[in-house]
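In: how would this look folded up:
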Amino acid sequence: MIFLDPYAPHILKAKEKHLEKLFPKVRDRVNDLPAGELKSFLSESKIKSIIVDVPNDLFNHHLALINAIPNLSVAEWQEYLIIKKKRAKNRNAREIIIFERYKNFISELNNIFKYKGGFAIKKTKYSTYDLAEILNVHTCVYCNRVYTKTVINPNKITRPEFDHWYPKESYPLLALSFYNLIPSCHICNSSVKGSIEMNTNDFLHPYIKEQLNMKFSYWIESLNKYKFQIKRIANSKEDNTINAFKLEEMYETHTDEIHDLVHLRKLYSVDYLIKLRGLLSKVDQKISNEEIYRLAFGTSFNEKDFQKRPLSRMKRDILEELGMLPR
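Out: Numbers count the residues shown, from 1 in each chain. Sure, this is the predicted structure:
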């Protein structure tokens, strides 16, 4: 997990533009609704809050809406989340009624908070490409394994996928919420996480900075053969998040990186790297230990820069275990 600083100037700028561009569209769709509880609930101030409120408040907007609409209830909503996973032929009469009621409710919200068919379409004036460009996140914040750079010139070619931390299929009210749109790779967004139900009590959220109690480590399985492990406390937020994104399983495909780091440890002593800095400082007096290690190991050591290069957190932890962190 790579944390994104919600107070970083470029992220504050991204949030401001997100509200500026999306609020008028959502407001106009709400104004087109017939009079009723949904239209009353979605006041202008409520729409703004839904778009830019902090992660811990987003779920409360969903609960407030459920409670504001007659014939809907939070308890029945929880039932719906289970029912929708069943095959249609396996639903009983009561489940069919609940499914249809909430399916129609979700469809109505999808028409207001348009992600597919709206924000996700690259041809729109403000789209996922524009948000990705301002956020400028270079690697998947969940796995830190895959580059997610944005290319929009001369055409919109590629960008990170945006994972809905609260799945848009279950929480359509939050489909355009800034802090619910997490830049990620396809594997984490679609192949691994899918529609897993997250909450901020049990899982790590990229925009909520926490002191991580987890470390990448390794053990020697046999001669020149290594295995990954991620040390953490069972049933912790770290453990739940690692399991949800299958991080240990995915990092098993990178055991060659451990071999390379161990080999480099044999080649580069800390004293050697310090001497290397001395040599390079004759060309560039401002070169730092961090830059030397980035050049030697292809990784960033400052946590704020982890998102710039794949595998940065893993490499930092393994190099620390090898006694190779810069002094």
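In: and Leu319, what does it touch?
Out: By CB atoms under 8 Å, 6 or more residues apart in numbering, Leu319 lies in contact with 261, 265, 293, 297, 299, 325. Every residue, glycine included, has its C-beta placed from N, CA and C.
In: now these in TSV, with neighbour count?
Out: Formatted as TSV, those follow (neighbours: other CB atoms under 10 Å):
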residue	neighbour count
Leu261	20
Arg265	17
Tyr293	22
Phe297	23
Thr299	23
Leu325	14
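In: hmm, which two among the residues you listed are most spread apart?
Out: Arg265 and Thr299 (13.5 Å; CB to CB).
In: name the helix or strand of the protein that has the lowest mean pLDDT.
Out: The helix or strand of the chain with the poorest confidence is helix 270-280; it has a mean of 70 (mean pLDDT, DSSP states H and E).
In: and the strands in this protein?
Out: Assigned by DSSP state E, the strands in the chain fall at 161-164, 181-184, 214-222, 225-232.
In: adding distance to Asn92 and mean neighbour count, write the ones you listed out as a markdown table.
Out: As requested, the strands of the chain are arranged in a markdown table below (distance: least, CB to CB, whole Å; neighbours: other CB atoms under 10 Å):
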| stretch | distance to Asn92 | mean neighbour count |
| --- | --- | --- |
| strand 161-164 | 30 | 22 |
| strand 181-184 | 36 | 26 |
| strand 214-222 | 43 | 15 |
| strand 225-232 | 41 | 15 |
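In: out of these, the one nearest Ile47 is which?
Out: Ile47 sits nearest to strand 181-184 of all the strands of the chain, at 16.2 Å, using CB to CB.
In: now do Glu210 against Thr299, distance only.
Out: Going from Glu210 to Thr299 by CB to CB, to the nearest Å gives 22 Å.
In: actually, Lys193.
Out: 25 Å.
In: does the residue positioned nearest the centre of the chain have beta-bridge partners, and which?
Out: For the chain, the residue nearest the mean C-alpha position is Ile182 (3.6 Å; CA atoms, centre = their mean). Counting by DSSP bridges, Ile182 forms beta bridges with Asp163.
In: isn't it up against Phe162?
Out: Yes: in this structure, Ile182 is within contact of Phe162 by CB atoms under 8 Å, at 6.5 Å.
In: hey, what's in contact with both of the two?
Out: Both Ile182 and Phe162 lack any common contact, where contact means CB under 8 Å, 6+ apart.
In: got a list of what the nearest residue to Ile242 once chain neighbours are set aside touches?
Out: Once flanking residues are discounted, Ile242 sits nearest to Ile230: 5.6 Å by CB to CB, 6 or more residues apart in numbering. By CB under 8 Å, 6+ apart, the contact list for Ile230 reads 214-217, 242, 247-248, 251.
In: count of residues packed around the residue nearest to His138 when sequence neighbours are not counted?
Out: Once flanking residues are discounted, His138 sits nearest to Lys308: 4.9 Å by CB to CB, 6+ apart. By other CB atoms under 10 Å, 18 other residues sit near Lys308.
In: Lys308 contacts Gly298, correct?
Out: No: counting by CB under 8 Å, Lys308 does not reach Gly298; the two are 11.1 Å apart.
In: just to revisit the earlier point, distance check, the residue nearest to the centre of the chain against Arg87.
Out: Separation of Ile182 from Arg87 (CB to CB) stands at 30 Å.
In: same thing with Phe119?
Out: Phe119 is 31 Å from Arg87, where distance means CB to CB.
In: between these two, tell me which one has more neighbours.
Out: Ranked by neighbour count (other CB under 10 Å), Phe119 and Arg87 place Phe119 first, with 22 against 6.
In: please work out the average pLDDT along the lengthiest helix in the chain.
Out: Longest helix in the chain, counting residues (DSSP state H): helix 9-31. Confidence over helix 9-31 (mean pLDDT, whole number) is 97.
In: burial count for Lys122?
Out: Counted with other CB under 10 Å, Lys122 comes out at 13.
In: what separation do you get for the closest residue to it other than its chain neighbours and Thr124?
Out: Setting aside the residues directly before and after it, Lys122 is nearest to Lys156 in space (CB to CB, 6+ apart), at 4.5 Å. For Lys156, the distance to Thr124 (CB to CB) stands at 10 Å.
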